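S.K.: curious how this folds, go ahead:
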Amino acid sequence: MGKTQIAANLAIALAQAGKSTVVVDLDLGGSNLHSHLGLPNRHAGLGDYLRARTADLKDLLVETSVDGLRFIPGG
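M.R.: The predicted model follows:
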């Protein structure tokens, strides 16, 4: 099991335990945490924010199918 799968599983477990959770994909070169969360790779991400800073960081939050779990893509 890799680091990305562990991060996804930990984030899901925390959210399911009732904790408000945000998981951030910091692999800016080959981000794939979205696939472990069952999400498409079509959202602006942290890399886009760092390059352009045209959006507010909170605008990058993506809702997931797990209650209490939000995601910031690497992109």
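S.K.: tell me the contacts of Asp27?
M.R.: For Asp27, the contacting residues are 4, 33, 74, by Cβ atoms under 8 Å, 6 or more residues apart in numbering. All C-beta spots, glycine's among them, are computed from the backbone N, C-alpha and C.
S.K.: who wins for most neighbours among these?
M.R.: Of all the contacts of Asp27, Leu33 has the most neighbours under the rule other Cβ atoms under 10 Å, reaching 24 neighbours.
S.K.: might one say that that one is in contact with Ala7?
M.R.: Yes: using Cβ atoms under 8 Å, Leu33 is in contact with Ala7, at 6.6 Å.
S.K.: what strand or helix carries Arg70?
M.R.: Assigning secondary structure by DSSP states H and E places Arg70 in strand 69-72.
S.K.: list of residues touching that strand?
M.R.: By Cβ under 8 Å, 6+ apart, strand 69-72 touches 11-12, 14-15, 21-25, 33-34, 37, 39, 45-46, 57, 60-64.
S.K.: SS state for Val22?
M.R.: What DSSP: H, G, I helix; E, B strand; the rest coil gives for Val22 is strand.
S.K.: what about the residue lying closest to it once chain neighbours are set aside, neighbour count?
M.R.: Leaving aside its sequence neighbours, Val22 sits nearest to Arg70 (Cβ to Cβ, 6 or more residues apart in numbering; 4.9 Å). Using other Cβ under 10 Å, Arg70 has 18 other residues around it.
S.K.: what does the model give Arg70 for pLDDT?
M.R.: At Arg70, the pLDDT value in this model is 95.
S.K.: likewise Ala8?
M.R.: Looking at Ala8, its pLDDT is 93.
S.K.: wait, a strand at it?
M.R.: No: Ala8 is assigned helix when assessed by three-state DSSP, not a strand.
S.K.: which residues touch it?
M.R.: Counting by Cβ under 8 Å, 6+ apart, Ala8 makes contact with 23, 33, 36-37.
S.K.: in strands only, show me the residues you listed.
M.R.: Under the assignment DSSP state E, the contacts of Ala8 contribute Val23 to strands.
S.K.: closest to Arg51 among the contacts of Ala8?
M.R.: Closest approach between the contacts of Ala8 and Arg51, by Cβ to Cβ: Leu33, at 19.0 Å.
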